[in-house]
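In: this one's sequence-less:
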């Protein structure tokens, strides 16, 4: 979604509970310790959440003004056809835990657009002046619109846009959909030398001819200093690093704010046709941001003070996770997610085949929401694989570089004790 002219942004910055999950435990000396009947969880995962809006207001009420502001006006830069209003006819909480953004084929207020009398009204919300963040996991659960000419989006803009302009500000499109592609969404970045039609990204298509308008789906990016990773319903479909820009400037190391909008028409989707019905609704269940998932992360240290490491810093599914000297690279920066995942390089710590057998290897894999990727970190310093009630274990109690990690019955031994810190 290319940027449009903005109204003056408020200077007030409202940031929710800062995210940091830190669990430390003294490394045991090797003796077997008695384990509790069930793992005692670490600090509540909710502490990782820095922004959340579940749109739980009464039916007919506007969005929370402490989290969002409504932009007004048209958008000539994309040749969109709608006028964005601040009216609850276009953006409202439905009383059932949803934000409903409605595009209507009407203009009772007589708004003027770049092409004359506006034919449509809709809404666009942003969190500028309310919430900005650099790095983290940004996600929204959304039910899409349907029809030619519709253009819903969930995206981020650099908070310095007022001083440096677009595209120097940078733009991260978490999700865009155009009505002529009901089964496909796009994730894209824009920056200096790669903006507009030259943005860099990829698409994700639902299998079996399903349409995104048929139900809710979760769209997310995991954004780190050296990568941005896109996913739909936990399935990773694109990852971008500075090396992919071919020497062009990486402008994604600063705070961004969020935008939700529903455009009608424009250069990319084209105009609605005779089969497009109105009103059209973009329904948003929630928007959530965490500092941990996909953020810069921190080391997980274990036996002999060595680090949990992704072998060769590879991102291929099935890459082994091992013990290695700590070196501060991205292959050793892990985040503990609010959803029970442990992530590095935009992917999840995964038990091979979802097995619960002692000795099963752990690996890196696309985040998929399965039990094979659910963990809890206890105050005792164990990393517990919930499906097997077993512990992350250094194979053979061997502190050598490259020793693979596995799951094993929890014993309390030193090769199962970990110190977890999330930046």
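Out: Sure thing, it's come through. Note that the coordinates shown come from a computational prediction; the quantities given were computed from them, not determined experimentally.

In: every contact and neighbour count from this point should use C-alpha atoms.
Out: OK.

In: after the helix or strand in which residue 137 is found, which helix or strand is next? Please name it.
Out: Assessed by DSSP states H and E, residue 137 sits inside strand 136-143. The helix or strand immediately downstream of strand 136-143 is strand 150-158, counting by DSSP H and E.

In: what's the strand holding residue 137 packed up against?
Out: Judged by 3 or more C-alpha pairs under 8 Å, 6 or more residues apart in numbering; DSSP states H and E, strand 136-143 is in contact with strand 216-224, strand 280-290.

In: quick one: residues in contact with the first one.
Out: Just to be clear, that refers to strand 216-224. Contact partners of strand 216-224, identified using C-alpha atoms under 8 Å, 6 or more residues apart in numbering, comprise 135-144, 174-175, 228-234, 293-296, 346.

In: okay, the angle between it and strand 136-143?
Out: 170 degrees (axes from the mean of the first three to the mean of the last three C-alpha atoms, to 10 degrees).

In: chain center to strand 216-224, what's the gap?
Out: Distance, stretch centre to chain centre, for strand 216-224: 3 Å (C-alpha atoms, centre = their mean, to the nearest Å).

In: list the buried ones in the helix or strand following it?
Out: Toward the C-terminal end, the helix or strand that comes next after strand 216-224 (DSSP H and E) is strand 227-232. Using 16 or more other C-alpha atoms under 10 Å as the test for burial, strand 227-232 gives 227-232.

In: likewise stretch 162-180?
Out: Taking 16+ other C-alpha under 10 Å as the criterion, stretch 162-180 shows 166-180 as buried.

In: same question for stretch 359-378.
Out: Quick answer for stretch 359-378 (16+ other C-alpha under 10 Å): 359-368, 371-378.

In: restricted to strands, list the residues you listed.
Out: 362-365, 375-377 (DSSP state E).

In: pLDDT below threshold where in the stretch 251-400 of the chain?
Out: Filtered on pLDDT under 70, the stretch 251-400 of the chain yields the residue ranges 292-297, 338.

In: out of the helices and strands packed on strand 136-143, which is closest to residue 301?
Out: Closest to residue 301 of the helices and strands packed on strand 136-143 is strand 216-224 (C-alpha to C-alpha; 20.3 Å).

In: what about residue 77, neighbour count?
Out: Using other C-alpha atoms under 10 Å, residue 77 has 13 other residues around it.

In: repeat for residue 419
Out: Neighbours of residue 419 under the rule other C-alpha under 10 Å: 23.

In: quick revisit: are any of the contacts of strand 216-224 buried, and which?
Out: Counted by 16+ other C-alpha under 10 Å, these give 135-144, 174-175, 228-232, 234, 293-296, 346 as buried.

In: domains for this protein, by residue range?
Out: Split into domains by automatic domain parsing, the chain comes to 32-43+297-421, 49-290.

In: how far off centre is the shortest one?
Out: Going by C-alpha atoms, centre = their mean, the spacing between the C-alpha centre of domain 32-43+297-421 and its chain's C-alpha centre is 22 Å.

In: shift numbering so it begins at 85
Out: All right, first residue 85 from here; so that's domain 116-127+381-505.

In: got the contact list for residue 410?
Out: Under the criterion of C-alpha under 8 Å, 6+ apart, the neighbours of residue 410 are 383, 390-391, 416.

In: and it, backbone torsions?
Out: Residue 410 adopts backbone torsions of phi -70, psi 130, taken as degrees, to the nearest 10.

In: kindly report the same for residue 293.
Out: Dihedral angles (degrees, to the nearest 10) for residue 293: phi 70, psi 10.

In: distance of the spatially closest residue to it that is not a sequence neighbour from residue 230?
Out: Distance criterion C-alpha to C-alpha, 6 or more residues apart in numbering; nearest residue to residue 293, sequence neighbours excluded, is residue 267 at 6.5 Å. Separation of residue 267 from residue 230 (C-alpha to C-alpha, to the nearest Å) stands at 10 Å.

In: and for residue 330?
Out: Taking C-alpha to C-alpha, one finds residue 330 at 36 Å from residue 230.

In: just want to know which of the two has more residues nearby.
Out: Taking other C-alpha under 10 Å, residue 330 and residue 230 do not tie; residue 230 has more neighbours (25 against 7).

In: phi, psi for that one please.
Out: phi -140, psi 130.

In: ok, now which ones touch it?
Out: 263, 266, 297, 360, 364 are the contacts of residue 230 under C-alpha under 8 Å, 6+ apart.

In: doesn't residue 415 belong to a helix?
Out: Yes - under DSSP: H, G, I helix; E, B strand; the rest coil, residue 415 sits within a helix.

In: what is the burial count for it?
Out: Neighbours of residue 415 (other C-alpha under 10 Å): 21.

In: for residue 396, same thing?
Out: Neighbourhood size, residue 396 [other C-alpha under 10 Å]: 12.

In: helix, strand, or coil at it?
Out: helix.

In: nearest spatial neighbour of it, skipping sequence neighbours?
Out: According to C-alpha to C-alpha, 6+ apart, the nearest residue to residue 396 is residue 415 (7.8 Å).

In: for residue 395, see how far away that neighbour is.
Out: 8 Å.

In: that older thread, who wins for neighbours among the contacts of residue 410?
Out: Of these, with other C-alpha under 10 Å as the count, residue 416 tops at 27 neighbours.
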